[in-house]
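Undergrad: Predicted coordinates and the sequence they were generated for:
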Amino acid sequence: MIKVEKLSKTYQVARRNSGFREAIKSLYSKEYEEIKALDCISFTILDGEMVGYIGPNGAGKSSTIKVLSGILTPDSGECTINGRIPWKERKAHVRDIGVVFGQRSQLWWDVPVIDSFELIRDIYSVPKEMYQRNLEELVELLSLNQIVKTPVRQLSLGQRMRCEIAAALLHSPKILFLDEPTIGLDAVSKLAVRDFILGLNQKHNTTVILTTHDMQDIEALTSRILLIGKGKILMDGSLDELKGKSVHQDASLDEIVAQLYKQFRI
Ligand SMILES: Nc1ncnc2c1ncn2[C@@H]1O[C@H](COP(=O)(O)OP(=O)(O)OP(=O)(O)O)[C@@H](O)[C@H]1O
C-alpha cells in the first residue's frame, strides 16, 4: 500500500537577469526563487490499483514519483510504501518497486541490453531461477528476442523503451512507477506496451502508477485518476467521474482534461 500524507517539496532555483553585468554580479551574490513543486499532497493507493497521475507541465508529477521512489527527500509530510519510508529505507524499498522514466535510461548505453540486465540482476541480487524465469517471460511478452544482444545506443526509441520496461521488472517488483512510458512510440509499440502492462497487473496484481500526457494510455490502463496542478491534488476519483465532468457528451478525454485544467487555472 502507498500512503502519502501532507507531502511538500520546495526547490530553490538561482535567478539572474540576462547580460554580462548580471552574470558578474551573480558570481558574488546569488538570488534564489522558491518553487513549490509539491504542496501538501495526500493520497492512498491500494495493492493492485492502476492509477493515472495527470496534470499539466510543471504540475509536480515527476517530483512525486521521485519522492515515492526514494530519489528525492521531501521537506515535510509522510510517505510509507509497504510500511517503509522510501528515502530512508532506500535499499529495501527499491526491491519492491520498478521505475521507468521515459525520458531517461537505466540501461548502459554501450553494452548489449543483456549485459545491462545481468548487471541489474547483480545490483538487486535477484536469485538465478527468478531472474531466468522473468527474463524468459519478458523477452517473450515484449518481443525482445532480436534485440537483447544489441548495444542500447543502436536501438530505436520503441525498442529501447521495451527494454527499459523489462529492466524495471527483472526483480519482480510489487509496484511499478511509469513516467511517460509510451512517449515517442509508434502505434504498434504503444499497443504492445499497454497490453503488457495490463497483463502484468492481471497476472501479478502489480500496482501501477502511470504519469503521462497521453490520454489514450490513461483510458486504456487506469480506472482511477489523480489530478495534480501547481503542486496540489485537485481531483481523486474514477475515470468515469472524470468523464462525467464534461458538458459535451461526445467530448474526448483530451478535451475533458483540457477543460479541467482551464477550470482549475493550472
Ligand atoms: N531539480 C529541480 N530544480 C528546480 N526546480 C525543479 C527541479 N525539478 C523540478 N522543478 C520544478 O518543480 C516543478 C514541478 O516539476 P515536475 O518535474 O515535478 O513537473 P511535472 O508535472 O513532472 O512536469 P512535466 O509534465 O512537464 O514533466 C516545476 O515548476 C519545475 O520547474
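TA: Yep, it's here. Computed from a predicted structure; not experimentally measured.
Undergrad: list the contacts for the most centrally placed residue in the chain?
TA: The residue lying closest to the centre of the chain (CA atoms, centre = their mean) is D179, at 2.7 Å. Going by CB atoms under 8 Å, 6 or more residues apart in numbering, D179 touches K61, S62, I65, V99, V100, F101, G102, Q103, T211, T212. C-beta here means a position set from N, CA and C on the backbone, and glycine is covered the same way.
Undergrad: didn't the fifth one look like it was pressed against E164?
TA: Yes: here V100 lies in contact with E164, judged by CB atoms under 8 Å, at a distance of 5.2 Å.
Undergrad: overlap in contacts of those two?
TA: With CB under 8 Å, 6+ apart as the test, V100 and E164 both reach Q106, P181.
Undergrad: that older thread, from the contacts of D179, which are also near the ligand?
TA: K61, S62 (CB under 6 Å from any ligand atom).
Undergrad: If any of the contacts of D179 are buried, put those into a PyMOL selection.
TA: Only the buried entries of those go into this PyMOL selection, using 16 or more other CB atoms under 10 Å:
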select buried, resi 61+62+65+99+100+101+102+211+212
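Undergrad: can you list the contacts of D179 in JSON lines and add secondary structure?
TA: Formatted as JSON lines, the contacts of D179 follow (DSSP: H, G, I helix; E, B strand; the rest coil):
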{"residue": "K61", "secondary structure": "helix"}
{"residue": "S62", "secondary structure": "helix"}
{"residue": "I65", "secondary structure": "helix"}
{"residue": "V99", "secondary structure": "strand"}
{"residue": "V100", "secondary structure": "strand"}
{"residue": "F101", "secondary structure": "strand"}
{"residue": "G102", "secondary structure": "coil"}
{"residue": "Q103", "secondary structure": "coil"}
{"residue": "T211", "secondary structure": "strand"}
{"residue": "T212", "secondary structure": "coil"}
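Undergrad: what residues are up against the closest residue to Y131 other than its chain neighbours?
TA: Nearest residue to Y131, sequence neighbours excluded (CB to CB, 6 or more residues apart in numbering): R121, at 4.8 Å. By CB under 8 Å, 6+ apart, the residues touching R121 are Y131, L170, H171.
Undergrad: Point me to the helix or strand that includes R121.
TA: Element membership of R121, judged by DSSP states H and E, is helix 113-124.
Undergrad: Please point out which parts of stretch 204-216 sit buried.
TA: Using 16+ other CB under 10 Å as the test for burial, stretch 204-216 gives T206, T207, V208, I209, L210, T211, T212, D214, M215, Q216.
Undergrad: what is the rounded mean pLDDT of the host helix or strand of the last one?
TA: Under the criterion DSSP H and E, the helix or strand holding Q216 is helix 215-221. Summarised as a single mean, pLDDT over helix 215-221 is 93.
Undergrad: got the residues of the chain near the ligand?
TA: Counting by CB under 6 Å from any ligand atom, the chain sits next to the ligand at Y11, V13, I35, A37, G55, N57, G58, A59, G60, K61, S62, S63.
Undergrad: Please, where are all the strands along the stretch 151-266 of the chain?
TA: Here the stretch 151-266 of the chain has its strands, by DSSP state E, counting those that start in this stretch, at 175-179, 207-211, 224-229, 232-238.
Undergrad: Of all the residues in the last one, which ones are buried?
TA: By that I understand strand 232-238. K232, I233, L234, M235.
Undergrad: Who does that strand pair with, and is each partner parallel or antiparallel?
TA: strand 224-229 (antiparallel) (DSSP bridges).
Undergrad: try the first one
TA: Within its sheet, and counting by DSSP bridges, strand 175-179 is paired with strand 97-101 (parallel), strand 207-211 (parallel).
Undergrad: Can you tell me which of the ones you listed has the worst average pLDDT?
TA: In terms of average pLDDT, strand 97-101 trails the rest of the strands paired with strand 175-179, at a mean of 93.
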